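Asker: model this:
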Amino acid sequence: MVATAEQAQKRLTIQIAEVAADTTVIRSLDWDRDRFDIEFGLQNGTTYNGYIIRGDKLAIVDTSHAKFKQLYLDALTGQIDPSQIDYLVISHTEPDHSGLVKDVLAMAPNATVVGSKVAIQFLEGFIHQDFQRQIVKSGDKIDLGKDHVLEFVNAPNLHWPDTILTYDWGTQTLFTCDVFGLHYCSDDLFDVQLSAIEPDYRFYYDCLMGPNARSVLGAIKRMKNLGEVETVANGHGPLLRHNAHELIQRYHDWSVSQTKGETVVAVFYVSDYGYSDRLSQAIAHGITKTGIAVEMMDMIGEDQQEIRELAERAAGLVIAMPPAAGDKATEASTSLSTILASANDKQVVGLLESYGSDDEPLDPLLTKFRNLGVTVAFPSIRIKDNPDEALYQLCDEAGTDLGQFLSREKSIKKRKSLDSDLDKAIGRISGGLYIITAQKSDVKGAMLASWVSQASFEPFGVSIAVAKDRAIESLMQVGDRFVLNVLEDGNYQPLMKHFLKRFKPGQDRFEGIETRQANNGAPILADALAYLECEVVSRMDVPDHWIVYSQVTDGRVAKTEARTAVHHRKVGNYY
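Answerer: Numbers count the residues shown, from 1 in each chain. Purely as a prediction, here's the structure:
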């Protein structure tokens, strides 16, 4: 496939390959995409994978992103006669997978669109034309012939409410779209290098699936009714074949860990209105970093009893404001009334605008919650322009604040209950005092750190333990750059006091602090004893921290005779 000059500049390419008997993948490779969905950074681009299944009847599973329109359609017509398509299976309707549905239907007017009830409803609003449809649910099957029997599994909220999985009994292939995917673009068709894709696989789960951990476990449970899974034909990244069982098990284990706690925050949103889903996902991601479970629920199309039950048992409520006008406004208003009627004064709440065409007003709802005695967890998020990276970071931080608020009493009790000889012995492990500073685009972050150690000689490398609920954690992914500022003994109190205080979501951490820019773009603190410019190479997951290994690329000492400040603790169960 030959790309145009413009496409080559943007590095958009197509890969076509046979992945099972009578089964072809069309992979749209987006080599240079560096932001995605909830605006988390991508280190290795991404792919959009669509599939062709040839039985006696012809089916395709998902399409591609609109930016690949001509490349994808040329690839499709090079493989089949689109007018002969019998079924177009829509795993879910997010535009990166269904962006070309209308174009495919123009070439396949007799095709039947297969999807969940919610997906069909969403699609009607997207393509604005009549089409043949077949609504499916868990256990429903379509026989394509030649042993290709497709069975469907409902997987709502992974990560949209309309998601289905499709299992081909003939090839033992599970088509999963976003589920078990990763944003990783390479020529490798399958997961041949597990170590290469592990960080991106985990990061993808944390950002998109972790906030819906209960739904992940529900989908995996329903998958047990299927046969053996030989290949996971996902929608992003390399297909899973060599490590499919291991990587599915990781989803299960991570989700069990996410749902162990009794505390749950309900995040209510409208999936196809404004930026409701993406902003809500960013807040949910921040909450889960604190170890608090999240359940996301669409205010449109959900049974009111389900909304009521979730709102009643949740310790916290987050609401992305729904539309105040239009065909969905009445149902949205009913859902809001249900949530409000279910709230109690032991809960916390956070509200945000969705930046749709006509959001429900935020302040009257906030007043009603306050009148009920509900605690406001974070300042309401009001949006004046299209969401940018800084706004998504603000949402992430707001979610983290809410999660920390809910877990504060548990943390205090834990500290008081742990004072054994072992706790005291662990506390005798001393560390230096450092401030990590980072900047990505317009987003800045900083954190006081003491769990820092040199980890390699050639090249120079350091390891840093970063608590999972730190705001700066999202700026320390593989490939990110930061500065490790070394604090000076006897001259560290002002900086430590400044960076130990709580900052409101989105607040400038460096206000009133003298800095200069490092070569890697991160701030250097003028009063630091020394600094090291670092780039993240890998991350290791431990129970409540990430161990971040980084290569040191540059550094300098400001005062050669001064000593590094040292942090001594009495016990080892908290900082």
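Asker: from here on, contacts and neighbour counts on C-alpha atoms
Answerer: Fine.
Asker: tell me the secondary structure for residue 290?
Answerer: Using DSSP: H, G, I helix; E, B strand; the rest coil, the structure places residue 290 in coil.
Asker: what's the helix or strand for the nearest residue to it once chain neighbours are set aside?
Answerer: Closest residue in space to residue 290, ignoring its immediate chain neighbours: residue 469 at 4.8 Å, by C-alpha to C-alpha, 6 or more residues apart in numbering. Using DSSP states H and E, residue 469 maps to neither a helix nor a strand.
Asker: so where is this protein shaky, pLDDT-wise?
Answerer: Filtered on pLDDT under 70, the chain yields the residue ranges 1-10, 36-40, 261, 409-419.
Asker: residue 196 in helix, strand or coil?
Answerer: Three-state call for residue 196 (three-state DSSP): helix.
Asker: how near is it to residue 189?
Answerer: Distance of residue 196 to residue 189, given as C-alpha to C-alpha, to the nearest Å: 13 Å.
Asker: neighbour-wise, which of the two wins?
Answerer: residue 189 (19 against 11; other C-alpha atoms under 10 Å).
Asker: was I right about that one contacting residue 241?
Answerer: No. Counting by C-alpha atoms under 8 Å, residue 241 is not a contact partner of residue 189; they are 9.7 Å apart.
Asker: all helices of the stretch 201-350 of the chain, in order?
Answerer: Along the stretch 201-350 of the chain, counting by DSSP state H, counting those that start in this stretch, helices occupy 213-223, 244-258, 276-288, 304-313, 329-342.
Asker: so what secondary structure elements neighbour the fourth one?
Answerer: With contacts taken as 3 or more C-alpha pairs under 8 Å, 6 or more residues apart in numbering; DSSP states H and E, helix 304-313 sits against strand 264-269, helix 329-342.
Asker: and if we set it to 10 Å?
Answerer: strand 264-269, strand 293-298, strand 316-320, helix 329-342 (3 or more C-alpha pairs under 10 Å, 6 or more residues apart in numbering; DSSP states H and E).
Asker: returning to that earlier point: so what sits against both of residue 189 and residue 241?
Answerer: residue 19 (C-alpha atoms under 10 Å, 6 or more residues apart in numbering).
Asker: state the distance from the residue nearest the centre of the chain to residue 306.
Answerer: Centre of the chain computed as the mean C-alpha position; nearest residue by C-alpha atoms, centre = their mean is residue 207, 1.7 Å away. For residue 207, the distance to residue 306 (C-alpha to C-alpha) stands at 25 Å.
Asker: for the stretch 351-500 of the chain, which segments are assigned as helices?
Answerer: Counting by DSSP H, counting those that start in this stretch, the stretch 351-500 of the chain has helices at residues 362-371, 389-417, 421-427, 493-500.
Asker: quick one: buried residues of the first one?
Answerer: Neighbour counts over helix 362-371 (16 or more other C-alpha atoms under 10 Å) mark 362, 365-366, 369 as buried.
Asker: hmm, who's touching that helix?
Answerer: Here helix 362-371 makes contact (C-alpha under 10 Å, 6+ apart) with 319-322, 336-337, 340-341, 343-345, 347-353, 373-376, 380-382.
Asker: mind doing that once more with 7 Å?
Answerer: The contact list for helix 362-371, computed with C-alpha atoms under 7 Å, 6 or more residues apart in numbering, reads residue 321.
Asker: put the alpha carbons of that helix into PDB.
Answerer: Taking Å, rounded to 0.1, in the frame of the first residue of the first chain, the C-alpha atoms of helix 362-371 are listed here in PDB:
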ATOM      1  CA  LEU A 362     -24.000  23.000  37.500                       C
ATOM      2  CA  ASP A 363     -24.600  25.500  40.400                       C
ATOM      3  CA  PRO A 364     -28.300  24.600  41.200                       C
ATOM      4  CA  LEU A 365     -27.400  20.900  41.500                       C
ATOM      5  CA  LEU A 366     -24.400  21.700  43.700                       C
ATOM      6  CA  THR A 367     -26.600  23.800  46.000                       C
ATOM      7  CA  LYS A 368     -29.000  20.900  46.400                       C
ATOM      8  CA  PHE A 369     -26.200  18.500  47.300                       C
ATOM      9  CA  ARG A 370     -24.900  21.000  49.900                       C
ATOM     10  CA  ASN A 371     -28.400  21.400  51.400                       C
END
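Asker: quick one: it to chain centroid distance?
Answerer: Here the centre of helix 362-371 is set off from its chain's centre by 29 Å, with C-alpha atoms, centre = their mean, to the nearest Å.
Asker: same deal with the last one?
Answerer: Mean-position distance between helix 493-500 and its chain equals 32 Å (C-alpha atoms, centre = their mean).
Asker: tell me the buried residues in it?
Answerer: Buried residues in helix 493-500 (16+ other C-alpha under 10 Å): 495-496, 498.
Asker: and which of the residues you listed is nearest to residue 275?
Answerer: Nearest to residue 275 among the buried residues of helix 493-500, counting by C-alpha to C-alpha, is residue 498 at 34.1 Å.
Asker: so how far is residue 12 from that closest one?
Answerer: Residue 498 sits 46 Å away from residue 12, going by C-alpha to C-alpha.
Asker: do residue 330 as well
Answerer: In terms of C-alpha to C-alpha, residue 330 sits 42 Å off from residue 12.
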